[in-house]
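A.B. asks: Next comes the sequence, and after it the predicted model I'd like to discuss.
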Amino acid sequence: MKKIKLLIAILITASTFSQIKLPRLISDNMILQRDTKVNIWGWASPKEKVELDFNHKTYKTTTSEDGKWTIVLPSQKAGGPYEMTLKASNTIVLKNILFGDVWLCSGQSNMELPMDRLKDKYKDVIAKSENTNIRQFLVPDQYYFKNENSDFSSGEWIAATPTSVLQFTGVGYFFASEIYEKYKIPIGLINSALGGSPAESWINEEGIKKFPQYYQEYLKFKDGTLEKQIEDGDKQVSNNWYQLVNSTDIGLKNKWSEPELEDSDWKTMNIPGYWAETELGNVNGVVWFRKEFTISKVNATTARLVLGRIVDADSVYVNGHFVGTTSYMYPPRIYNFDANILKEGKNEIAIRVINNTGRGGFVTDKPYELTFGNETIDLKGSWKYKLGAQMLPLPGQTFVRWKPVGLYNAMIAPLKNYPIKGVLWYQGESSTRIPSEYFSLMETLINNWRAEFHQEKLPFLLVQLTNFMDPKPEPGESNWAALRQQQLNTLQLPNTGLAVTIDLGEWNDIHPLNKYDVGKRLSLQARKLVYGEKNLVASGPLFKSIEQKENKLILSFTDTGSGLMAKDNTTLKGFAIAGTDGKFVWANAVIEGDKVIVSSDAVTNPVKVRYAWADNPDNANFYNKENLPASPFEASLKD
């Protein structure tokens, strides 16, 4: 009996292995790269014969000893839809295949940020997004250190519709829309990005050896033991912290969400703002907030509560009814609920805010309002507040998923056989801690990917960091500015482009919502660099050279377009100069033809110049007449 069972098991196993298996990318609805040879690959039994029928031709191969096989299709023009049939012991039919241009969208959260987060800003765009010629493959957010993965755990090609587009990368979708509108070529987006990730996590093992500190860190995680220890420990610490905060929160015990609560002894503070600025001080834990408002008449079936952004987590109640929650600081708080919860006369909003470290509260310069029907109630101003639980700060986590090589192995390596048109790269916020190494990291990453994809001239289009954080009144040092300079330096590498976004940020949000202009500026770079529109003005002014004449510096630029200008016809601002002491002061700046002349009475022998050198240079108004902003830069006279 045992022998019979063993024989059955062997036969089942052999049958399973003989079945053709395809990677997730090779599937229905895929977009394949036009005008180049294309790999179709997968797995079957060793020495298995595999046939592929496509476009009235048959292609054959035999699997290797390890069961792998690849069939190379000849170059195809843009178009479709096509079907593709694969045969071995089983048959697979792939449907609705298009040939077009495939763009890999990678980096961190500003590339990952989906259209769903932008749905209020771009309602009309989303409503009109139905287009079977724009499709996305969403790579699952995973990491792996032991070796390079050969496939993804999930993923499928999905065409844009008003529903599906909500999961598309916002930057990628706007880029694809611009390119499709211009050339009417199917555009495939491979969305492989992860929030918070530094550049070194996207470089493979061989490439990271150039950076000994990162290579040694990678080796610590390669066998998976340390990874599990850290993650289990971090999870336990986090679970314990939140269990304690929930068990000690007197607001939960005493139902501070109820509308009839007696709160006359609560303190007041203005919202938006941070409770560190009140007599409560900079405590961590739970703080409850309550606000009473009056409605004369409820004239709608649905209501919408907008609460800007809250640090860190919130749970919101209207007249005692739970209406929404968000678990971390970055997303905008938008809660839709049944307007029947509202009532004529007095109403009450209660918000439970959990802050685990740093300053807790409500981010300023954001909307805080309740809308129902044609009525909008401004919720900014005085709120009552009371401490529910005070905690020690939650210990910081070790974000294993951001460690070197891990994201490359899991989220890039399985793509290597899939020819692409180019890469859209939006990353850098997480690399501002050591900006000086960024050019070397990106040079390595770009060369690394070009070698692994077997595309020596693979175009890389980068997004430069936007403006962010508080503006500063005087010139000073800035890691964000230093990293922008490193990003500008990547233009030294062949087939690279840079989308300057110094005017598209929000001072209080690391995830600015204007992703349309980011995508459009990337499309301009692509149209010129990749699609060959040589006369197109694709960039704002880029620093070219510097010379000294008496007490002035004369600056020359490329990408001047039809002329240089100060935006809104104002005085040119944002330039600072320094002498040999390295102390920068604001400079007078004047446009003369295609040059800018900078000087200051305070510096008689200027040798250095900076433009828009700040985290958030709110005085950066240097553009060309095509309304594209100049890149921030730093330059000095050569010795």
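C.D. replies: Yes, it's here. Numbers count the residues shown, from 1 in each chain.

A.B. asks: Paired strands for the lengthiest strand in the chain, with orientation please.
C.D. replies: Identified as the longest strand of the chain according to DSSP state E is strand 91-107. Applying DSSP bridges to the sheet, strand 91-107 is found paired with strand 31-33 (parallel), strand 79-87 (antiparallel), strand 187-193 (parallel), strand 422-426 (parallel).

A.B. asks: Between those, which one is closest to residue 20.
C.D. replies: With respect to residue 20, and counting by Cβ to Cβ, the nearest of those is strand 79-87 at 5.5 Å. (C-beta placed from N, C-alpha, C; glycine too.)

A.B. asks: Could you list the buried residues of that closest one?
C.D. replies: 80, 84, 86, 87 (16 or more other Cβ atoms under 10 Å).

A.B. asks: all helices for the stretch 501-639 of the chain, in order.
C.D. replies: Listed in chain order, the helices of the stretch 501-639 of the chain (DSSP state H, counting those that start in this stretch) span residues 516-529.

A.B. asks: Now do the strands in it.
C.D. replies: In the stretch 501-639 of the chain, the strands defined using DSSP state E, counting those that start in this stretch lie at 542-549, 552-558, 564-566, 575-578, 584-586, 588-592, 595-599, 608-611, 622-624, 633-636.

A.B. asks: out of the ones you listed, nearest to residue 518?
C.D. replies: strand 622-624 (16.6 Å).

A.B. asks: From residue 101, how far off is the spatially closest residue to residue 456 that is not a sequence neighbour?
C.D. replies: Among residues not flanking residue 456 along the chain, residue 450 sits closest, at 5.7 Å (Cβ to Cβ, 6 or more residues apart in numbering). For residue 450, the distance to residue 101 equals 17 Å [Cβ to Cβ, to the nearest Å].

A.B. asks: Just want to know which of those two has more residues nearby.
C.D. replies: Remark: of residue 450 and residue 101, residue 101 carries more neighbours, 24 against 19, as counted by other Cβ atoms under 10 Å.

A.B. asks: Tell me the spacing between the more buried one and residue 535.
C.D. replies: Relative to residue 535, residue 101 is positioned 21 Å away (Cβ to Cβ).

A.B. asks: tally of neighbours for the residue found closest to residue 117 once you drop the neighbours it is linked to in the chain?
C.D. replies: Closest residue in space to residue 117, ignoring its immediate chain neighbours: residue 331 at 6.7 Å, by Cβ to Cβ, 6+ apart. Residues within reach of residue 331, counting by other Cβ under 10 Å, total 14.

A.B. asks: so is residue 331 in a helix, a strand, or just coil?
C.D. replies: coil (DSSP: H, G, I helix; E, B strand; the rest coil).

A.B. asks: That one touches residue 310, doesn't it?
C.D. replies: No. Counting by Cβ atoms under 8 Å, residue 331 sits too far from residue 310 to count as a contact (9.5 Å).

A.B. asks: who's in contact with the nearest residue to residue 118 once chain neighbours are set aside?
C.D. replies: Excluding its sequence neighbours, the residue lying closest to residue 118 (Cβ to Cβ, 6+ apart) is residue 170, at 5.1 Å. By Cβ atoms under 8 Å, 6 or more residues apart in numbering, the residues touching residue 170 are 113, 114, 115, 117, 118, 515, 519.

A.B. asks: and residue 170, what are its phi and psi?
C.D. replies: Main-chain dihedrals, residue 170, degrees, to the nearest 10: phi -60, psi -50.

A.B. asks: Could you do residue 248 as well?
C.D. replies: phi -100, psi 0.

A.B. asks: That one: what's it in contact with?
C.D. replies: By Cβ under 8 Å, 6+ apart, the contact set of residue 248 is 389, 391.

A.B. asks: again, but for residue 136
C.D. replies: Contacts of residue 136 (Cβ under 8 Å, 6+ apart): 157-158, 160, 164, 167-169, 172-173, 188-191.

A.B. asks: by how many degrees do the helix or strand hosting it and strand 187-193 diverge?
C.D. replies: If you go by DSSP states H and E, residue 136 is part of strand 131-138. Between the axes of strand 131-138 and strand 187-193, defined by axes from the mean of the first three to the mean of the last three Cα atoms, to 10 degrees, the angle is 20 degrees.

A.B. asks: close enough to count as contact, residue 411 and residue 197?
C.D. replies: No. Residue 411 is beyond contact range of residue 197, at 9.3 Å (criterion: Cβ under 8 Å).

A.B. asks: Can you list the low-confidence ranges for the stretch 1-150 of the chain?
C.D. replies: Low-confidence segments of the stretch 1-150 of the chain, defined by pLDDT under 70: 1-18.

A.B. asks: thinking again about what came up before, which strands and helices sit next to the helix or strand that comes right after the strand holding residue 136?
C.D. replies: Downstream of strand 131-138, the first helix or strand assigned by DSSP H and E is strand 157-160. Judged by 3 or more Cβ pairs under 8 Å, 6 or more residues apart in numbering; DSSP states H and E, strand 157-160 is in contact with strand 131-138.

A.B. asks: Next, the buried residues of the strand it packs on.
C.D. replies: Within strand 131-138, the residues that qualify as buried are 131, 133, 134, 135, 136, 137, 138, counting by 16+ other Cβ under 10 Å.

A.B. asks: which residues touch the last one?
C.D. replies: Looking back up the chat, that one is residue 138. The contact partners of residue 138, by Cβ under 8 Å, 6+ apart, come to 155, 158, 167, 191.

A.B. asks: Tell me which residues touch residue 168, please.
C.D. replies: Here residue 168 is in contact with 114, 115, 136, 160, 189, 191 (Cβ under 8 Å, 6+ apart).
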